[in-house]
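> Take a look and give me a structure for this.
(2 chains)
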Amino acid sequence: MATAVMTSLDPKSRAAARGMSDIAIRNLFIVPTIVFLIVFNVFPLIYSLGYSFTDFRASTNSPANFVGLQNYRALLNDPFIWNNFAITAKYVIVSVVGQVLVGFGTAMLLNRTIPFKGLLTTLLLLPMMLSMAVVGLFWKLLYDPSFGIINYALGLGTFEWLANPRMALYAVAITDIWMWSPFVMLLSLAGLSAVPKHLYEAAAIDRAGPFYTFFRITLPLVAPILMIAIIFRTMEAFKTFDLAYVLTSQPTTELISIRLYKMAFQEWQTGMSCAFAYIVLLMVLAITNIYVKYLNKVKER
Amino acid sequence: MRKRLTGILAGIGLSLACTTSVFAQELTIFWAEWDPANYLQELANEYEKETGVKVTVETTPWSDFQTKAFTEFNAKGSAYDLIVGDSQWLGAASEAGHYVDLTDFVKENKVLETMAPATVKFYAEYPGNSGKYWSIPAEGDAVGWSYRKDWFEDPKEKEAFKAKYGYELDAPKTWKELRDISEFFHRPDEKRYGVAIYTDNSYDAMAMGFENALFSYGGDLGNPETYQVEGYINSDKAVAALDAYKELYKFTPPGWAKTFFVEDNQAITEGLAAMSMNYFAFFPALLNESTNPHAKNTGFFANPAGPGGDQYAALGGQGISIVSYSENKEEAFKFLKWFIKDETQKRWAELGGYTCNKAVLESEAFQKATPYNKAFYDTMFKVKDFWAVPEYAELLTQLNQRVYPAIVGGEGTSKETLDALAKDWTETFKKYGRLK
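A predicted model of the protein is given here:
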């Protein structure tokens, strides 16, 4: 019955009475979405590809001149841009690894019968429901060397979390880990609760140790869903803007999206920033592709 | 049913008729979100009382003022009739035709005679010395200093200072004294620090801070007519200025790495620093007891002189321009004509705005009105500004990329830093065909 509803129209329905076919109904729902996507996503994507080969500046009225690959050449030869990429890579690794460790760990702790489990899980999810900019502003206060609560609680005196060029990126990553570990935890929890209980019982009968059980049963079965969490978090971490922008302005925390924002909306180098955005897009696509390949492999097992 | 329909139609027609007639009597001014914008709204309310034209001052936070304004310009939007824009925008906004040419207006209304010369030069004229004007000086502003009078006047401190440095402790008159006093009051174990300076590198804060040292040390950004920077921004004087600014950074409160006007005022209100640089526009908050517990003990001085006796300050402030895409240009001109009148300028100063009107600035009433007006008057005749070319934001980014790590991270020598900056700027000016 369910498939019948999906493939053909109920002859008694009003739509059928008006003489609409299944295909008409389908188009009615799909065409607006497709048009919307083309107008707001595909068209700008292609249009900006065109701009990336010009010296166009949106702030002036002078016409755009075709400059070929000059923008790409200039960007890839700019040591500051490479530095931005290196910073972003470091940030993505630190923050995603941190989130997986903390998130998965919390999920393991929660995956048992404890009192108030539902309430506890809900409370742990709160950080990711806050706005990024608000989290940034709060943590800026928490990190403050003169009156921040973190230094007070850890007894660090006037340790400069955000003013120290070497520490600042880690401080941003810590904030990101705090905010997004619950997301990894939630997905991991879903994966963990789907692991059949009889596997653990069998392992217990075979006297398998906790490590063996974890690496041979828990991890492989949770891996696909954990990979999805990692893909999402990697893409998000790659695009991080607000958190780092609000927290600190160190050159050592200038992620690619911040540099891109400055290039596009402070310097109004529209052509150059389109080229930059394309380079970033290609990189995100490449990384996501690797993950997806790996995800498929994990699923096959 | 039919009656109702006619009623609705009539209603729509009436409201349409009303809105169009109201539009003709309305002006919108765009500015950043800060106290002077509120004062301007008060001034505009008086204009409405006189003429019946409603003027609304629309504001947005400083951090996205530039982006929002240029997004509107680029879209040729008519949302704003007038804009109180930063002096650096002159090049970008005039070359792209976003601003109405005010040259004739300036000449006909003798703006050149009534306003302080430096303000017309930096807020209104582009390109430099071309005699073409795009704005009317509106909010004069420059960097000045506030200090803790009670710390400076403490007899024990005075004695200890004299013993250590060999001269009287007083508001500094030179950059050397500024440095000494910063060092003297820098006592991290007492949670007291020497000085608060600008360090934020996300827009123009770092440039505005460093310029105070650069110009007073006799250095310059470059030649404004030939755009040559080699030998200017990396001259010995400029290198000495960067060394001086770097040295001041050592005496700042902990975590002083992303600071601008908010933090620098906090340094005084929280009792953190002995001295703090800031735009004059932010000083009213320091005299207000509800925002500054040390209001009674806060004093002010103009940016001190460098070793060669040069004394300049970085220019802040804005001119008011008419947006080319406005549908009410005629009304906007009428408003400007009213705005530049001596009486209006006097009222503007009374409300808290920083007038650029020479007569008002020179009047005793103005100079005695607040403890910092005298310093403001002194400063407004010796200000210099950043590049106003359309690519100023790229020049700012390059300055931030080179100077910030040098000051906050202590990387490289000042000579290396400024040599690299001179190279970056030369390349940028070549890219835009200003330098062969």
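> what's the nearest residue to the residue most central in space within chain B if we skip its chain neighbours?
Nearest residue to the geometric centre of chain B (CA atoms, centre = their mean): B:G316, 1.7 Å. Leaving aside its chain neighbours, B:G316 sits nearest to B:D141 (3.6 Å; criterion: CB to CB, 6 or more residues apart in numbering or on different chains). Just so you know, the C-beta spots here come from the backbone N, C-alpha and C atoms, and that holds for glycine as well.
> What strand or helix carries the closest residue to chain B within chain A?
Of all residues in chain A, the one sitting closest to chain B is A:A163 (3.4 Å; CB to the nearest CB). Using DSSP states H and E, A:A163 sits within no helix or strand.
> Tell me which helix or strand the nearest residue in space to it that is not next to it in sequence sits in.
Closest residue in space to A:A163, ignoring its immediate chain neighbours: B:A257 at 3.4 Å, by CB to CB, 6+ apart. Under DSSP H and E, no helix or strand contains B:A257.
> wait, B:S94 sits on B:W134?
Yes - with contacts counted by CB atoms under 8 Å, B:S94 reaches B:W134, the gap being 4.7 Å.
> residues shared between the contacts of these two?
Common contacts of B:S94 and B:W134 (CB atoms under 8 Å, 6 or more residues apart in numbering or on different chains): B:101, B:126.
> hmm, back to that, can you pull the contacts of the residue nearest to the centre of chain B?
By CB under 8 Å, 6+ apart, the residues touching B:G316 are B:141-143, B:208, B:279-281.
> Show the buried residues in those residues.
The neighbour-count test (16 or more other CB atoms under 10 Å in any protein chain shown) marks B:141-143, B:208, B:279-281 as buried among these.
> Among these, which lie within strands?
Mapping the buried ones among the contacts of B:G316 onto strands (DSSP state E) picks out B:143, B:279.
> for chain A, what are the nearby residues on chain B?
Proximity of chain B to chain A, by CB under 8 Å from any CB of the partner chain, involves residues B:66-67, B:70-71, B:73-74, B:92, B:95-97, B:188, B:191, B:200-203, B:253-258, B:270, B:272, B:390-391, B:393-394, B:396-397, B:400-401, B:404-405, B:408-409.
> how near is A:L37 to B:D220?
Distance of A:L37 to B:D220, given as CB to CB, to the nearest Å: 53 Å.
> List, one by one, the residues from the stretch 1-150 of chain A near chain B.
By CB under 8 Å from any CB, the residues of the stretch 1-150 of chain A that approach chain B are A:57-62, A:80, A:144-146.
> Could I get those residues in JSON lines, plus columns for neighbour count, pLDDT and secondary structure?
Shown next, in JSON lines, are those (neighbours: other CB atoms under 10 Å in any protein chain shown; pLDDT from 0 to 100; DSSP: H, G, I helix; E, B strand; the rest coil):
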{"residue": "A:R57", "neighbour count": "21", "pLDDT": "88", "secondary structure": "coil"}
{"residue": "A:A58", "neighbour count": "20", "pLDDT": "84", "secondary structure": "coil"}
{"residue": "A:S59", "neighbour count": "23", "pLDDT": "81", "secondary structure": "coil"}
{"residue": "A:T60", "neighbour count": "21", "pLDDT": "79", "secondary structure": "coil"}
{"residue": "A:N61", "neighbour count": "12", "pLDDT": "76", "secondary structure": "coil"}
{"residue": "A:S62", "neighbour count": "12", "pLDDT": "79", "secondary structure": "coil"}
{"residue": "A:F80", "neighbour count": "15", "pLDDT": "91", "secondary structure": "helix"}
{"residue": "A:D144", "neighbour count": "19", "pLDDT": "89", "secondary structure": "coil"}
{"residue": "A:P145", "neighbour count": "20", "pLDDT": "87", "secondary structure": "coil"}
{"residue": "A:S146", "neighbour count": "14", "pLDDT": "81", "secondary structure": "coil"}
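> from those residues, which is closest to B:V239?
Closest approach between those and B:V239, by CB to CB: A:F80, at 22.3 Å.
> Does that closest one touch B:N400 like I think?
No - counting by CB under 8 Å, no contact exists between A:F80 and B:N400, whose distance comes to 10.4 Å.
> and B:G140, what does it touch?
Taking CB under 8 Å, 6+ apart as the criterion, B:G140 is in contact with B:116, B:119, B:123, B:317, B:354-356, B:376, B:380.
> From A:I177, how far off is the residue nearest in space to the middle of chain A?
Nearest residue to the geometric centre of chain A (CA atoms, centre = their mean): A:E236, 2.0 Å. Using CB to CB, A:E236 is found at 12 Å from A:I177.
> Can you point out the buried residues in stretch A:272-283?
Residues A:272-280 are the ones in stretch A:272-283 that count as buried (16+ other CB under 10 Å).
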